[in-house]
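Enquirer: what would the 3D arrangement of this be:
(one chain, ligands or ions: 3)
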Amino acid sequence: MPFGAAKSQAGAIAAAEASSGGLTMAKTKTLDDLFLDTLKDIYFAEKQILKALPKMARAAQSEEGKSGFLHHRDETQGQIERLEQVFEFLGKPARGKTCEAIQGIIAEGEEIIEEYNGSDALDAGLISSAQAVEHYEIARYGTLIAWANQLGLKDAVALLEANLAEEVATDEKLTALAGSQANVKAMGTASAK
Ligand code: FE
Ligand code: FE
Ligand code: FE
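Expert: Numbers count the residues shown, from 1 in each chain. Ligands and ions are numbered 1, 2, ... in the order given. Predicted coordinates:
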């Protein structure tokens, strides 16, 4: 083989290695990695939600809203414990991974609290924020349950389904609360009278 050809071949291999960089790593990743990363995502999210719910309860004007947020705060504590059991089944330390989505959703909720403070529309806004949180959780748990089933992690499926059921029930309660009170109140005293 001419020297030049050998040299260009070596160059091509080096270039291929350089360009693949992270891709070489990514090729070794599997559904196990996706499952663990997503578990860390929802674990981080639940902990943020645990801190946000008392603030939402304090901000809510209606008694039903306040007690609803506090009730879900207690449920969230239990959900975090279930997630810790899932980590334990996997033999991995319970560790969160920053979820920018939940940070954004919670930031929007804080914006509602600031901008609608003292107005008739506050509770309707708070409910809308809470439902954005619940829907994020429902999306995450739906995916995690499908992956846990695929991976044959039966114990994890049961724990994740318990969390999902609480999120779905919370979402339904929020819909009912909005429809029975908050949305009507949000129309304003001028139109209500
Ligand atoms: Fe939750
Ligand atoms: Fe996330
Ligand atoms: Fe929730």
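
Enquirer: please report how far A139 lies from I42.
Expert: With the distance defined as Cβ to Cβ, to the nearest Å, A139 ends up 10 Å from I42. Any C-beta I mention is one placed from the backbone N, CA and C, and that applies to glycine too.

Enquirer: same check on A162?
Expert: In this structure, A162 and I42 are separated by 13 Å, where distance is defined by Cβ to Cβ.

Enquirer: same deal with Q79?
Expert: Computed as Cβ to Cβ, the Q79 to I42 distance reads 9 Å.

Enquirer: cool, and L174?
Expert: 19 Å.

Enquirer: which strands or helices does the host helix or strand of I145 pack on?
Expert: Secondary structure assignment for I145, by DSSP states H and E: helix 122-150. With contacts defined as 3 or more Cβ pairs under 8 Å, 6 or more residues apart in numbering; DSSP states H and E, helix 122-150 has these neighbours: helix 31-59, helix 63-90, helix 100-116, helix 154-177, helix 183-185.

Enquirer: right, and the ones you listed - which one's nearest A148?
Expert: Distances from A148 to each of the helices and strands packed on helix 122-150 were compared using Cβ to Cβ; the shortest belongs to helix 154-177, at 4.3 Å.

Enquirer: and the closest one, does that touch ligand 1?
Expert: No: using Cβ under 5 Å from the ion, no contact is recorded between helix 154-177 and ligand 1, whose separation bottoms out at 5.5 Å.

Enquirer: tilt between that helix and helix 63-90?
Expert: Put simply, helix 154-177 runs at 170 degrees to helix 63-90, going by axes from the mean of the first three to the mean of the last three Cα atoms, to 10 degrees.

Enquirer: what packs against helix 154-177?
Expert: For helix 154-177, the packing partners by 3+ Cβ pairs under 8 Å, 6+ apart come out as helix 63-90, helix 122-150.

Enquirer: so the shortest one versus helix 31-59, what angle?
Expert: Taking the same axes, to 10 degrees, one finds helix 63-90 and helix 31-59 inclined to each other by 160 degrees.

Enquirer: and the residue nearest the centre of this protein?
Expert: For the chain, E137 is the residue whose C-alpha lies nearest the centre (Cα atoms, centre = their mean; 4.3 Å).
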